[in-house]
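Peer 1: just coords:
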Ligand code: FES
Ligand SMILES: [Fe+2]
């Protein structure tokens, strides 16, 4: 079961070109492409004739052509030509998906198309703000998307999973504050007067003591934005003055493919040393290495969960953010089931 009536990031904007692009979102195979104008089209990835995925096909002008027997569809999903007969079979029509392009991503609406409103695309305004720089990538994970949400809402794992980059012992000692409402959860952790870990020391360009923060924000259906950074110790960052520090937002958009597979779009947007393109790609490559460490853990965890259906997950204090997020997802699934 997946949450319906939400926008899901299906790809980065530069990934969708003229070549049909197939991706399954919440169990629904979708084909996307750009019309000659650059506008996006998204349809069910299934030819109504003999059910070949249309992502195996190609574009001819404005028409999407099936690779098997050449059925042609216009940008509204209407069949405009079929082989060996006059006229068009009335059932030869494609289901169309609302699609939008915003904040460097392409989004598809899963659910009732009548409810699709671009105003409800998650607010990632930093990602298209010229004062910030954003770069990232996508990983395909063989795990349920909620394991990723758990992981991102509990950063105590950094100490053990990412010891050489962002992990440090103080993360385990600093208390977390968890707040939530009907659709979101926030986990806040401040670590005062600590040594900056390697990643942050190089961005702060200082090994002096610092105050470090991690503020994880979950919103439906499965988005986690993490406000992270460090500032020189005692310079007022916790009270809102970050002028002696560096800030990044770790963007995490989880798009379920199936119950046990997820398209994970990740990146970091930052407002420091924004002109340094080398740094942009070093950060992206560093993040890629960090998230590869998570991938190994999460896929092994998923395998064991499938192997042991009799075992429950135990929830400790550190899990409060993920537990709250799961509760909100459950409530929303129940509400949708009751519709
Ligand atoms: S399967 Fe597409 S035209 Fe036959
Ligand atoms: Fe991690």
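Peer 2: Noted; the coordinates are in hand. Model, not experiment: these values are computed from the prediction. Ligands and ions are numbered 1, 2, ... in the order given.

Peer 1: can you tell me the helix or strand for the closest residue to ligand 1 within the stretch 101-250 of the chain?
Peer 2: Among the residues of the stretch 101-250 of the chain, residue 108 lies closest to ligand 1, at 21.9 Å counting by CB to the nearest ligand atom. Where you see a C-beta, it was placed from the backbone N, CA and C, and this is true even at glycine. If you go by DSSP states H and E, residue 108 is part of strand 105-110.

Peer 1: which residues in the stretch 1-150 of the chain form strands?
Peer 2: In order along the chain, the stretch 1-150 of the chain carries the following strands (DSSP state E, counting those that start in this stretch): 6-12, 21-25, 28-34, 40-44, 58-60, 63-65, 72-73, 79-81, 99-102, 105-110, 133-141.

Peer 1: tell me what the strand holding residue 108 is packed against?
Peer 2: With contacts taken as 3 or more CB pairs under 8 Å, 6 or more residues apart in numbering; DSSP states H and E, strand 105-110 sits against strand 6-12, strand 28-34, strand 99-102.

Peer 1: coming back round to it: which one of the strands of the stretch 1-150 of the chain is the most hemmed in?
Peer 2: Among the strands of the stretch 1-150 of the chain, strand 105-110 has the highest mean neighbour count (mean count of other CB atoms under 10 Å), at a mean of 25.

Peer 1: quick check, residue 274 in contact with residue 135.
Peer 2: No: with contact defined as CB atoms under 8 Å, residue 274 does not count as touching residue 135 (11.2 Å).

Peer 1: would you list the phi and psi of residue 206?
Peer 2: Backbone torsions of residue 206, given as degrees, to the nearest 10, read phi -160, psi 140.

Peer 1: pull the number of nearby residues for it.
Peer 2: Neighbour count for residue 206, taken as other CB atoms under 10 Å: 16.

Peer 1: and the pLDDT at it?
Peer 2: Here the pLDDT value assigned to residue 206 is 91.

Peer 1: tell me the domain boundaries of the chain?
Peer 2: 6-120, 130-337 (automatic domain parsing).

Peer 1: what does stretch 310-328 contact?
Peer 2: Residues from elsewhere that reach stretch 310-328 (CB atoms under 8 Å, 6 or more residues apart in numbering): 146, 149-151, 153-154, 156, 176, 178, 180, 182-187, 216, 218, 220, 305.

Peer 1: do the same with stretch 279-289
Peer 2: By CB under 8 Å, 6+ apart, the surrounding residues in contact with stretch 279-289 are 133, 135-137, 165, 199, 248, 250, 266-268, 270, 273.

Peer 1: now render those residues as a markdown table, adding distance to ligand 1 and pLDDT.
Peer 2: Formatted as a markdown table, those follow (distance: CB to the nearest ligand atom, whole Å; pLDDT from 0 to 100):
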| residue | distance to ligand 1 | pLDDT |
| --- | --- | --- |
| 133 | 43 | 96 |
| 135 | 38 | 96 |
| 136 | 35 | 97 |
| 137 | 33 | 98 |
| 165 | 48 | 82 |
| 199 | 50 | 87 |
| 248 | 46 | 96 |
| 250 | 42 | 97 |
| 266 | 35 | 98 |
| 267 | 37 | 97 |
| 268 | 42 | 96 |
| 270 | 46 | 95 |
| 273 | 51 | 93 |
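
Peer 1: nearest to residue 43 among those residues?
Peer 2: residue 137 (26.0 Å; CB to CB).

Peer 1: who touches the closest one in this structure?
Peer 2: Neighbour list for residue 137: 265-267, 284, 288 [criterion: CB under 8 Å, 6+ apart].

Peer 1: measure it to residue 75 for me?
Peer 2: For residue 137, the distance to residue 75 equals 29 Å [CB to CB, to the nearest Å].

Peer 1: how about residue 49?
Peer 2: Residue 49 is 19 Å from residue 75, by CB to CB.

Peer 1: cool, and residue 23?
Peer 2: For residue 23 relative to residue 75 (CB to CB), the value is 19 Å.

Peer 1: moving C-terminal from the longest strand belonging to the chain, which element do we reach first?
Peer 2: The longest strand of the chain (DSSP state E) is strand 245-258. Downstream of strand 245-258, the next assigned helix or strand under DSSP H and E is strand 261-270.

Peer 1: what's the offset of that following strand from the middle of its chain?
Peer 2: Offset of strand 261-270 from its chain centre (CA atoms, centre = their mean, to the nearest Å): 5 Å.

Peer 1: now swap in stretch 182-189 and tell me
Peer 2: 17 Å.

Peer 1: closest to residue 260 out of the strands of the stretch 1-150 of the chain?
Peer 2: Nearest of these (CB to CB): strand 133-141, 9.3 Å.

Peer 1: which residues sit in contact with whichever residue of the stretch 151-300 of the chain sits closest to ligand 1?
Peer 2: Residue nearest to ligand 1 within the stretch 151-300 of the chain (CB to the nearest ligand atom): residue 257, separated by 23.3 Å. Going by CB under 8 Å, 6+ apart, residue 257 touches 23-27, 140, 263.

Peer 1: can you give me the end-to-end span of stretch 7-21?
Peer 2: 18 Å (CA to CA, to the nearest Å).
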